[in-house]
Structure formats: structure tokens, C-alpha cells
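Trainee: Could you work out the structure for the sequence below:
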Amino acid sequence: MANQKEQQNNLKLNIHPDVAKGTYSNLVVVSHNPSEIVLDFAQMLPGLEGATVRERIIMSPIHAKRLLAALNDNLKKYEQQFGTIVEPTADGTVPYDILGKA
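Mentor: Numbers count the residues shown, from 1 in each chain. Prediction:
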């Protein structure tokens, strides 16, 4: 495991300028088959019917599990730095003040 962390820390990512700008997504649809996990990242916009898939990521189940672990680790670090992430209530309101404190 330590060797894997060392490899990740030494990994140099080359990002093409078109990719570096990123893609906004406020909806992810997850599906799978026996050998793949599929993540469809989409945008839902007010006043428009349906959602538009902007990116589709296909990965092996082991890579999906590693992604889940990395997201959990990063969300924990995020909340330690910026505070607890609060889910919106059923009516869509977020129960915290402008400073993000619950």
C-alpha cells in the first residue's frame, strides 16, 4: 500500500488545455455490468426538461473502489478544513448561514 501511495505522489499528470478547463456537473448517474462501472456526469438546468450528459467515464470495479476511497478521504479533509457539508432539506433549502456554519 505504501508503494502505491509513493507511485501516486510521484505521478506527473499532463493536462491538455481543453481538459484543464473542466466540465460542470450537478448530476451523476451510475450504472454497471460485471466488468465495468459507468459514470455519466450530466447537467440539469432550470427551465429545461431532462439532463444533458457531458462526460461518460468507464472504469473497472477496482478503480471505482479506489475512486470511492479517494473521494471519502478528500471529503474528510475538506470538512476538516471548511466545515461539515450539509445536504439540502426536502424543500431545497440549505440549513446553514452565509458563512457555511450549521
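Trainee: So residue 57 belongs to a strand, correct?
Mentor: Yes. Residue 57 forms part of a strand when assessed by DSSP: H, G, I helix; E, B strand; the rest coil.
Trainee: mind listing what it touches?
Mentor: 38, 39, 41 (C-beta atoms under 8 Å, 6 or more residues apart in numbering). C-beta coordinates here come from the backbone N, C-alpha and C atoms, glycine included.
Trainee: Among those residues, the buried ones, what's the ChimeraX command?
Mentor: The following ChimeraX line selects those of the contacts of residue 57 that are buried, judged by 16 or more other C-beta atoms under 10 Å:
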select :39,41
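Trainee: among the contacts of residue 57, which are in strands?
Mentor: In strands, defined here by DSSP state E, the members of the contacts of residue 57 are 38, 39, 41.
Trainee: per-residue confidence at the last one?
Mentor: Confidence at residue 41, expressed as pLDDT, is 97.
Trainee: List of residues touching the lengthiest helix in the chain?
Mentor: The helix that spans the most residues within the chain, counting by DSSP state H, is helix 61-82. Here helix 61-82 makes contact (C-beta under 8 Å, 6+ apart) with 32, 35, 36, 37, 59, 85, 100.
Trainee: what's around the closest residue in space to the second one that isn't next to it in sequence, how many residues?
Mentor: Spelled out, that is residue 35. Leaving aside its chain neighbours, residue 35 sits nearest to residue 60 (7.0 Å; criterion: C-beta to C-beta, 6 or more residues apart in numbering). By the measure other C-beta atoms under 10 Å, the count of residues near residue 60 is 11.
Trainee: Could you do residue 83 as well?
Mentor: 13.
Trainee: Could you report the distance from it to residue 94?
Mentor: Using C-beta to C-beta, to the nearest Å, residue 83 is found at 12 Å from residue 94.
Trainee: One more: residue 59?
Mentor: For residue 59 relative to residue 94 (C-beta to C-beta), the value is 31 Å.
Trainee: can you put the ones in strands among the contacts of residue 57 in a markdown table and add distance to residue 48?
Mentor: What follows is these, written out as a markdown table (distance: C-beta to C-beta, whole Å):
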| residue | distance to residue 48 |
| --- | --- |
| 38 | 23 |
| 39 | 22 |
| 41 | 17 |
